[in-house]
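# need a structure here:
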Amino acid sequence: MFCEQCGKEIPENSKFCAGCGAAVELAEPVAQVVEPESKQAPAAEPIEQPPKAQQAPPPPRPQPVSVAQASTAQYSSKDNLIKPLSIGSYIGIIILMAIPIINLIMLLVWSFSDTVNLNKKHYAIDTYEDYEKYINGYLISSFEYAEKIDKETD
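Have a look, this model is predicted:
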């Protein structure tokens, strides 16, 4: 016997499908109709009919969404994009920012991804802007110091 919903094989005494959980309607045996014998025709032996082939299972239905797709859908919903970050999220961000190369990679991912919480995205963009200020300030002060040294030596 096969499930009408998902097409998986079901044991005979099952009430529910193990594949999709759909309730199984037990097929009642079909009563054979006995025709009254006519007085004119002699009683003939019943003709054996070949056993009916099992019905082919219906084509399988689309499977439920995978875990990866479900987690992506969870983070791409508008409610989760604007939800405030939890304390655990902040602690995770601080720990990731302490690892030198990982923090740059994660800031890029958070800055340019459309499925990241907006608070985390804004944090990443602001942090990159801060890095830019620090680097520019360091380079400008380094060049100014180098020019000052050059003028003193001339």
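# please count neighbours and contacts with C-alpha atoms only from this point.
Will do.
# any stretches of the chain with poor pLDDT?
Where the chain drops to pLDDT under 70, the residues are 26-46, 49-54, 63-78, 154.
# can you show me the helices along it?
67-76, 78-82, 87-97, 100-112, 118-153 (DSSP state H).
# dump those to CSV, plus distance to residue 56 and mean neighbour count.
Listed next are the helices of the chain as CSV, based on distance: least, CA to CA, whole Å; neighbours: other CA atoms under 10 Å:
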stretch, distance to residue 56, mean neighbour count
helix 67-76, 30, 12
helix 78-82, 43, 14
helix 87-97, 51, 12
helix 100-112, 49, 15
helix 118-153, 51, 13
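# for residue 13, see how far away residue 55 is.
18 Å (CA to CA, to the nearest Å).
# can you redo the helices of the chain as JSON lines with distance to residue 19?
Below are the helices of the chain laid out as JSON lines (distance: least, CA to CA, whole Å):
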{"stretch": "helix 67-76", "distance to residue 19": "17"}
{"stretch": "helix 78-82", "distance to residue 19": "31"}
{"stretch": "helix 87-97", "distance to residue 19": "37"}
{"stretch": "helix 100-112", "distance to residue 19": "38"}
{"stretch": "helix 118-153", "distance to residue 19": "39"}
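# for residue 2, find the nearest of these.
Relative to residue 2, the nearest member of the helices of the chain by CA to CA is helix 67-76, separated by 26.5 Å.
# how close does residue 4 sit to residue 14?
From residue 4 over to residue 14 (counting by CA to CA), the distance is 13 Å.
# residue contacts, residue 112?
Residues in contact with residue 112, defined by CA atoms under 8 Å, 6 or more residues apart in numbering, are residue 121.
# contacting residues for residue 5?
Residues counted as contacts of residue 5 (CA under 8 Å, 6+ apart) are 20, 22, 60, 61.
# was I right to think residue 84 contacts residue 120?
No: with contact defined as CA atoms under 8 Å, residue 84 does not reach residue 120; the gap is 9.2 Å.
# which residue, other than its chain neighbours, is closest to residue 8?
Excluding the flanking residues, the one nearest residue 8 by CA to CA, 6 or more residues apart in numbering is residue 2, at 5.5 Å.
# what is the one you found paired to in the beta sheet?
residue 9 (DSSP bridges).
# list the contacts of it.
Counting by CA under 8 Å, 6+ apart, residue 2 touches 8, 9, 10, 57.
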